[in-house]
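1. need coordinates for the following:
(one chain, ligands or ions: 1)
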Amino acid sequence: MKIDILTLFPEMFRGVMESSIMKKAQENQAFTYQTIDFRQYTTNKHQKVDDYPYGGGAGMVLMPQPIFSAVDAIKQSESKPPRIVLMCPQGERFTQRKAEELAKEDHLIFICGHYEGYDERIREQLVTDEISIGDFVLTGGELGAMVVIDSVVRLLPSALGNQQSAREDSFSTGLLEHPHYTRPAVFQGMEVPEILRSGHHEKIEKWRKQQSLKRTLERRPDLLEDYPLTDEEKKWLDR
Ligand SMILES: C[S@@+](CC[C@H](N)C(=O)[O-])C[C@H]1O[C@@H](n2cnc3c(N)ncnc32)[C@H](O)[C@@H]1O
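-> Got it, this is the predicted structure:
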């Protein structure tokens with residue numbers, strides 16, 4: 001996968017993109033990325049990327065020209081056109097489903113805003129997706145783009161050592177994940193459930209499924225509305 005990030009603050013990405021699994025995923029050739037400072041694409045003499053809003057009001061608005069020109073420069077003759085993602089608090093709320101959808105693409109372009117927002121023509125003409133990472137307002141799109149990129153990259157084949165672990169994550173299965181325990185078996189008087197130490201794989205799987213359903217019912221009952229419960233699972237939940 002190829003990822004291009006349009007931002008006025010490329011330095012913000014270095015720590016996240018060059019650490020931990022993101023770094024390993026690049027070493028494993030799961031993806032490549034570049035940041036593009038769209039100020040380089042301005043055609044005005046002072047390299048201005050923003051201007052006052054028509055109609056007045058507070059804040060500055062990103063002008064369309066530098067962003068359109070930067071996207072034109074990145075787009076090559078690809079058989080599959082890139083997904084162009086505008087980071088925006090007014091966009092579709094980001095979910096694991098969306099991460100799975102984007103992980104199937106060959107090329108993603110992220111546009112990170114700043115200041116008061118964007119000229120509306122960017123939204124109307126250029127982008128294929130608008131994504132919000134939640135109902136709150138950040139100072140810029142960079143942190144949001146990092147969140148989206150991180151969750152997409154970990155789904156790419158060869159990004160994680162163990163793909164099974166991504167498939168069993170919360171939301172991937174439609175439920176919250178079951179609890180985890182590791183050594184020691186007893187810590188400050190708190191014991192790891194006996195069943196997990198039994199070595200009985202079938203019973204462990206059943207326990208995990210029950211715990212996953214219980215946790216989802218307690219914390220995110222809304223997820224169960226779309227989850228195809230078996231008759232047995234319905235009985236567990238009733239209990
Ligand atoms: C201060 S915000 C602009 C908010 C805008 N005036 C509004 O009310 O919708 C500046 C930039 O931060 C980014 N941003 C802010 N909140 C975000 C969120 N929840 N999800 C994704 N991006 C966000 C967007 O790129 C946005 O253009």
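
2. which residues of this protein lie near the ligand?
-> Proximity of the chain to the ligand (CB under 6 Å from any ligand atom) is limited to residues 87-90, 112-114, 116-118, 132-134, 136-141, 144. Where C-beta positions appear, they are placed from N, C-alpha and C, glycine not excepted.

3. which of those residues count as buried?
-> 87-89, 112-114, 117-118, 132-133, 138, 140-141, 144 (16 or more other CB atoms under 10 Å).

4. return the closest of these with respect to residue 8.
-> Checking these against residue 8 by CB to CB gives residue 114 as the nearest, at 5.8 Å.

5. against residue 223, how distant is residue 108?
-> 26 Å (CB to CB, to the nearest Å).

6. break the protein down into its domains, please.
-> Domain assignment for the chain by automatic domain parsing gives 2-153, 168-238.

7. tell me the mean pLDDT for the longest one?
-> Think domain 2-153. The average pLDDT for domain 2-153 rounds to 96.

8. also the last one?
-> Confidence over domain 168-238, taken as the mean pLDDT, stands at 96.

9. what residue of this structure is the furthest out?
-> residue 189 (38.3 Å; CA atoms, centre = their mean).

10. quick check on that residue: phi, psi?
-> Residue 189 adopts backbone torsions of phi 80, psi -10, taken as degrees, to the nearest 10.

11. the longest strand along the chain pairs with which strands?
-> Counting residues, the longest strand found in the chain (DSSP state E) is strand 83-93. Strand 83-93 pairs in its sheet with strand 107-111 (parallel), strand 129-132 (parallel), by DSSP bridges.

12. please identify the most buried of the ones you listed.
-> strand 107-111 (a mean of 23; mean count of other CB atoms under 10 Å).

13. list the contacts of residue 167.
-> Residues near residue 167 by CB atoms under 8 Å, 6 or more residues apart in numbering: residue 173.

14. which residue ranges of the protein form strands?
-> Counting by DSSP E, the strands of the chain are 2-7, 32-37, 50-51, 61-62, 83-93, 107-111, 117-118, 129-132, 186-187, 190-191.

15. rewinding a little: then the longest strand of the chain to PDB, C-alphas only?
-> Output of strand 83-93 as PDB, limited to C-alpha atoms (Å, rounded to 0.1, in the frame of the first residue of the first chain):
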ATOM      1  CA  ARG A  83      -9.000   7.000  -2.100                       C
ATOM      2  CA  ILE A  84      -8.600  10.700  -1.100                       C
ATOM      3  CA  VAL A  85      -9.500  11.100   2.600                       C
ATOM      4  CA  LEU A  86     -10.300  14.400   4.100                       C
ATOM      5  CA  MET A  87      -9.800  14.500   7.900                       C
ATOM      6  CA  CYS A  88     -12.800  16.500   9.200                       C
ATOM      7  CA  PRO A  89     -14.900  16.600  12.400                       C
ATOM      8  CA  GLN A  90     -18.000  16.700  10.100                       C
ATOM      9  CA  GLY A  91     -17.100  13.400   8.300                       C
ATOM     10  CA  GLU A  92     -18.200   9.900   8.800                       C
ATOM     11  CA  ARG A  93     -17.300   8.600  12.200                       C
END
